[in-house]
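Asker: Mind looking at a prediction? Sequence and model below.
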Amino acid sequence: MEPLRADWNAAQLKAGDAKERGDVKEAVAAVRAFHHALCSTRVLDPACGTGNFLYVSLELMKRLEGEVLEALAELGETETIGLEEVDPHQFLGIELNVRAAAIAELVLWIGYLQQHYRNRSEHPAEPILKAFGNIQQKDAVLTWDGYPELQFEMRDGEAVQVFPNARRPDWPEAEFIVGNPPFIGGANLRSRMDAGYAEALWRAHPHMNESADFVMYWWDRAAELLTRKKATLRRFGLVTTNSISQVFQRRVMERHLNAKAPVSIIFAVPDHPWTKASKDSAAVRIAMTTAQAGAHLGESRVVVSEAGLDTDTPVIAFATRGGRINSDLSIGTDLTRITPLASNEGVSSPGVKLHGSGFIVTPAEAEHIGLGRRPGLERHIRPYRNGRDLTGHSRKVMIIDLFGLSAGQVRQDYPEVYQHLYDTVRVGRLAQAAKSPTKDAKAYADQWWQFGKPRSELRPALDGRHRYIATVETTKHRVFQFLDASILPDNMILAFASADGWHLAVLSSQLHVTWTLSVGGVLEDRPRYTKSGCFDPFPFPDPDEATRATLRALGEELDATRKTVQAEHPDLTLTGLYNVLEKVRAGTALSDAEADVKARGRVLILKDLHDQIDRATADAYGWPHDLTDEQILEKLVALNAERAREEAAGHVRWLRPDYQIPRFAKGAAAPKTGELDLGANVVAIDKGLPAFPKDKGEQVMAIRAVLQASGRPMDAAAVSRAFKGGGRKIEQRVVQALNTLVRYAEITALADGTFAARRAA
């Protein structure tokens, strides 16, 4: 409604200006022109269900029409009112369910009649109900030859459903698209759809990544329609799942936001509760986005509090920010533009992914299957840790790691181990391959004595290291610690193949943690640390040796302090220590138990060490100590772009040059050009003055535009000179138009005889 209201405001200004000049006929024409445009405006919901969005759209447009008809009546024009009106033919829908499509059409007629009798006493013209055919019953994102009939081919004696010439269907032309497309995750498309539908959908949309959620196919199509040549579409707004800001969905939006002919998100609510959810359903979180062609700033509303979600009167409070809205629906620093750095290549990886719990054994079970009796087995049965082992109390379990060994070698050298895995892992792998015969499942079954993901890329990076840095992927507190090289990490632990304390200190700094909280995802209420998002693009500082030594000493002391505390007090966990540290920082009162943790856990020492690390890390970058979170992100994103340019020119600041250069420097250090899109803003400035419109109705709008663009108060003479060929010959008309703009509260008349445009709040 915002653009329609803006159009109506412009029409009122033109009509008011004409009345001031005594031209009532022109005033009527301006209002009638808007009414005609309103009655020609089409709204499409391409997943309309039973028509709720279209019903509300019709109601809002009929209310606006009521204002227009009232304005015509005030101008003495009543005879022709009713010859043209907003009616259901303007409200278009696409719906797969035949019953819902029929209901949607009925809902629109009910809405139309309700609004008609609110505004008028006479009945609509006969026939009252008309078969406009405005609700199309079909699939909005996929069609094929022979649609809607299902097509089959005989393959190996069986009839298999096929989708010949799968393609995107046409959508009706409209000025606005609204809707709430179906919520199906990209990972569930195969299981939720008819056989072959997902593959056909992907064939019809080759530009889409297969992990994108189903709703993004609607977002992508609407964005494309915005930027078509001679596009009629002005805006679209969709309700989606809140996963729209995650990486696979962002890729869909980034393609349009960063295109040569871009689309801008002009309104967003990134994370909103789906209110009045039933007690039996999961708590769904949604996002709302509105987009418009061109480069525009937008408004983001972040939910800050919510209550009464299971009632008819939920109370939701927002914090509103304006600016450029990025593809992750953030405002401000565009974190989606960061790029992985060669300097960080090859030194981080998730831990091993087992695909079989039989690999995990207790120390007693390890002895039973040969540890201590079979020579060399100590190299293949190692300590194993998962996230809870690190943040809570360790189970002290071990893992059977046969990486690099064939089944025959295991059978001959470690027969007890072979039999144990044959019995506990092989059976499950074979059953899974039979149930879901994918390529991966078959490979896991064939290599049943090996981990599903043994992380062959991580192992050489750890060779020769006596320890490495680790953090839990999903955890409340972002803690980095050293683990002994003998420990094999779980898949939900990120391992960093560095034994250097200065790397641990930088990773533990508030600068890095702020970065991870912004670029990483969230699982429920726990932040996630991902290799690709958090580590690969992170620009480490490159300080002098004295600063490195300071950071190294602090990193060593931080790790040693925590390990000493846990050795002396086995009941204390890292989660418990950092829970108390968080309260200490916030100045929150501690319970007796928390005060005990504070004392025994040396929490004040941990606080002091982290504070020193934060200051030393800022020094390493050459930045002030008191940066805000937004300033930290701005600087890190800018540094990422700078490092990317350096690396494209052949200069890489390797984290572990001795390990990385022989493996990754080939090509990485060679100058590259034309490969980086660093998002430089190019602003073209037209220094020519605008022409003064010949049409009197357009003149008042042009004068308002000049005042808005100037950003400063101007008198009538200055406004007149702001047009080509302006000056004194148009000044009288400018004075008249300025007075009209003041009367309609579009500008403000100041005491010194100048005029200022009104700014939006």
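Answerer: Received, thanks.

Asker: Please make it C-alpha for all contacts and neighbour counts, starting now.
Answerer: Noted.

Asker: Surely residue 351 and residue 496 touch.
Answerer: No. Applying Cα atoms under 8 Å, one finds residue 351 not in contact with residue 496, separated by 10.0 Å.

Asker: Please identify which of the two sits among more neighbours.
Answerer: Using other Cα atoms under 10 Å, the more surrounded residue of residue 351 and residue 496 is residue 496, with 27 against 22.

Asker: The more buried one: what's it in contact with?
Answerer: Neighbouring residues of residue 496 by Cα atoms under 8 Å, 6 or more residues apart in numbering: 347-349, 468-470.

Asker: again, only using 10 Å
Answerer: 344, 346-351, 458, 461-462, 467-471, 480, 482, 503-504, 531, 535 (Cα atoms under 10 Å, 6 or more residues apart in numbering).

Asker: how close does it get to residue 536?
Answerer: Computed with Cα to Cα, to the nearest Å, the distance linking residue 496 and residue 536 is 11 Å.

Asker: Give the residues shared as contacts by those two.
Answerer: Common neighbours of residue 496 and residue 536 (Cα under 10 Å, 6+ apart) are 344, 346-348.

Asker: which element is residue 731 on?
Answerer: Under the criterion of DSSP states H and E, residue 731 resides in helix 728-743.

Asker: Could you identify the helix or strand that succeeds that helix?
Answerer: That would be, after helix 728-743 and using DSSP H and E, strand 747-749.

Asker: That following strand - which strands sit beside it in the sheet, and in what orientation?
Answerer: Applying DSSP bridges, strand 747-749 is found paired with strand 755-757 (antiparallel).

Asker: so how far is the strand it pairs with from its chain's centroid?
Answerer: 38 Å (Cα atoms, centre = their mean, to the nearest Å).

Asker: Kindly report the same for stretch 359-375.
Answerer: 47 Å.

Asker: Could you do stretch 361-379 as well?
Answerer: Centroid displacement of stretch 361-379 relative to its chain, using Cα atoms, centre = their mean, is 48 Å.

Asker: got the buried residues for it?
Answerer: Of all the residues in stretch 361-379, those buried under the rule 16 or more other Cα atoms under 10 Å are 361, 363, 366, 369-371, 377.

Asker: ditto for stretch 420-433
Answerer: The neighbour-count criterion (16+ other Cα under 10 Å) identifies 421, 425-426, 428-430, 432-433 as the buried residues of stretch 420-433.

Asker: and if you look at stretch 631-645?
Answerer: Residues 632-641, 643-645 are the ones in stretch 631-645 that count as buried (16+ other Cα under 10 Å).

Asker: Among these, which pair sits farthest apart?
Answerer: 632 and 645 (20.0 Å; Cα to Cα).

Asker: returning to what we had before: please identify which of the buried residues of stretch 631-645 is nearest to residue 330.
Answerer: residue 633 (12.1 Å).

Asker: still on that earlier bit, among the buried residues of stretch 631-645, which lie within strands?
Answerer: The members of the buried residues of stretch 631-645 all map outside strands under DSSP state E.

Asker: Would you reformat those residues as JSON lines and include distance to residue 49 and pLDDT?
Answerer: Formatted as JSON lines, the buried residues of stretch 631-645 follow (distance: Cα to Cα, whole Å; pLDDT from 0 to 100):
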{"residue": "632", "distance to residue 49": "45", "pLDDT": "93"}
{"residue": "633", "distance to residue 49": "42", "pLDDT": "91"}
{"residue": "634", "distance to residue 49": "43", "pLDDT": "89"}
{"residue": "635", "distance to residue 49": "46", "pLDDT": "93"}
{"residue": "636", "distance to residue 49": "45", "pLDDT": "94"}
{"residue": "637", "distance to residue 49": "43", "pLDDT": "92"}
{"residue": "638", "distance to residue 49": "45", "pLDDT": "91"}
{"residue": "639", "distance to residue 49": "48", "pLDDT": "94"}
{"residue": "640", "distance to residue 49": "45", "pLDDT": "94"}
{"residue": "641", "distance to residue 49": "45", "pLDDT": "91"}
{"residue": "643", "distance to residue 49": "49", "pLDDT": "94"}
{"residue": "644", "distance to residue 49": "47", "pLDDT": "93"}
{"residue": "645", "distance to residue 49": "49", "pLDDT": "92"}
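
Asker: From the residues you listed, which land in helices?
Answerer: Secondary structure defined by DSSP state H assigns 632-641, 643-645 of these to helices.

Asker: Apart from its chain neighbours, what residue comes closest to residue 453?
Answerer: Nearest residue to residue 453 in three dimensions, chain neighbours excluded: residue 353, at 4.8 Å (Cα to Cα, 6 or more residues apart in numbering).

Asker: Test my guess that the one you found contacts residue 494.
Answerer: No. Assessed by Cα atoms under 10 Å, residue 353 is found out of contact with residue 494, at 11.9 Å.

Asker: Just want to know which of those two has more residues nearby.
Answerer: Remark: of residue 353 and residue 494, residue 494 carries more neighbours, 25 against 15, as counted by other Cα under 10 Å.

Asker: Doesn't the more buried one lie inside a strand?
Answerer: Yes. Under DSSP: H, G, I helix; E, B strand; the rest coil, residue 494 sits within a strand.

Asker: dump the residue contacts of it.
Answerer: By Cα under 10 Å, 6+ apart, residue 494 lies in contact with 348-352, 387, 469-474, 480, 529-531, 535.

Asker: gap between it and residue 479?
Answerer: 11 Å.

Asker: what residue ranges in the stretch 51-200 of the chain score low on pLDDT?
Answerer: For the stretch 51-200 of the chain, applying pLDDT under 70 flags the ranges 79-82.

Asker: on that earlier part again, among the contacts of residue 494, which lie within helices?
Answerer: residue 387.

Asker: Domain map for the protein?
Answerer: With automatic domain parsing as the criterion, the domains of the chain are listed as 2-125, 151-337, 365-384+395-450, 499-667, 696-757.

Asker: for the ones you listed, which one sits closest to residue 144?
Answerer: Among the domains of the chain, the nearest to residue 144 by Cα to Cα is domain 151-337 (4.5 Å).

Asker: Now the terminal residues of the closest one, how far apart.
Answerer: The first-to-last residue distance of domain 151-337 comes to 43 Å (Cα to Cα).

Asker: From the chain's centroid, how far away is it?
Answerer: With Cα atoms, centre = their mean, you get 10 Å for domain 151-337.

Asker: what's the answer for stretch 473-486, then?
Answerer: With Cα atoms, centre = their mean, you get 27 Å for stretch 473-486.

Asker: With stretch 725-745 instead?
Answerer: Taking Cα atoms, centre = their mean, the mean C-alpha location of stretch 725-745 is offset from the chain mean by 46 Å.
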